[in-house]
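1. build me a model from this:
(one chain, ligands or ions: 1)
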Amino acid sequence: MSSFLEGIFGELDIRCSERQYAAFDGYMEGVLEFNKSVNLTAIKDPEEFQIKHFADSVLVTRCSEYQSADRILDLGTGGGFPGVPLAILDPEKEFVLVDSLLKRLKIIDELTGELGISNVKTIHGRAEDLGRNEELRETFDLCVSRAVADLSVLAEYALPFVKVGGYFIAYKGSDCDAEVRNAGKAIRVLGGETVRIDKADKAGLEHNLVIIKKIKETSGKYPRTAGKPGKSPIR
Ligand SMILES: C[S@@+](CC[C@H](N)C(=O)[O-])C[C@H]1O[C@@H](n2cnc3c(N)ncnc32)[C@H](O)[C@@H]1O
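-> This is a model prediction of the structure:
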């Protein structure tokens, strides 16, 4: 199975050891098995899984903002994306995976434990609550997040976790210019500044990485209470 992934990673100039490929295979098999009883992903075909979950997750490794980060938060990780593939690729970095659904995190814990992926820690909770926890607030070099919320909402979830000088990278669809424009005020109010949008156009992938720098502390007013950012985004 790993030869298919090797082919895609080859196109992306990503190199892995046999052990890492075995971890990717084991994680996919585990997710697909658990997926029979707990909804983790709509993707069931192994090749599509490797493109949309593994290759898509690890494209961020080309960004210098990722390369220089040591402590990384994956917000709304679901079945472990992009956090687990990144943790397999970069065992020297520390990954914290947050989600409001405990069932999904327990599966990630079980699979990463079995596969010896020791640089992953999961935390259960909503971003709006955890973002006020002093042990987490403004402690991450980088926050990444894929398929969680509109950027104006996501900025309120993510930016409180990022250290001043660190980055938030949002995985977005191929056509996200209007979404980024609409989130301009929220990003500014929360202490961020959009640096650039990286377009992914390799290996059949179509997405954008929106790279936001944290340039000043987030006001103590944010994040607002659970549910508020979604109901009335900062505009
Ligand atoms: C569509 S899934 C995406 C999962 C994964 N990031 C991916 O790309 O496959 C969105 C996930 O975000 C989580 N989520 C949504 N809002 C959240 C919040 N406010 N705090 C924490 N997790 C949240 C959901 O529980 C869900 O697992």
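
2. max-length helix in this protein?
-> Ranked by residue count under DSSP state H, the longest helix found in the chain is helix 18-34.

3. keeping just the C-alphas, turn that helix into CSV.
-> The C-alpha coordinates for helix 18-34 follow below in CSV (Å, rounded to 0.1, in the frame of the first residue of the first chain):
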residue,chain,number,x,y,z
GLU,A,18,10.0,2.6,5.9
ARG,A,19,8.9,2.9,9.5
GLN,A,20,7.0,6.1,8.7
TYR,A,21,5.3,4.5,5.7
ALA,A,22,4.3,1.7,8.0
ALA,A,23,2.8,4.2,10.4
PHE,A,24,0.8,5.9,7.6
ASP,A,25,-0.5,2.4,6.5
GLY,A,26,-1.4,1.4,10.1
TYR,A,27,-3.1,4.7,10.8
MET,A,28,-5.2,4.5,7.6
GLU,A,29,-6.2,0.9,8.3
GLY,A,30,-7.1,1.8,11.9
VAL,A,31,-9.2,4.8,10.9
LEU,A,32,-11.0,2.8,8.2
GLU,A,33,-11.8,0.0,10.7
PHE,A,34,-13.1,2.4,13.4
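
4. and it, what's buried?
-> 20-28, 30-32, 34 (16 or more other CB atoms under 10 Å). All C-beta atoms are positioned from the backbone trio N, CA, C, and that covers glycine.

5. after it, next one along is what?
-> helix 46-49 (DSSP states H and E).

6. which secondary structure state is assigned to E110?
-> helix (DSSP: H, G, I helix; E, B strand; the rest coil).

7. can you count the residues close to the closest residue to the ligand within the chain?
-> With CB to the nearest ligand atom, the shortest gap between the chain and the ligand falls at G78, namely 2.4 Å. Neighbourhood size, G78 [other CB atoms under 10 Å]: 20.
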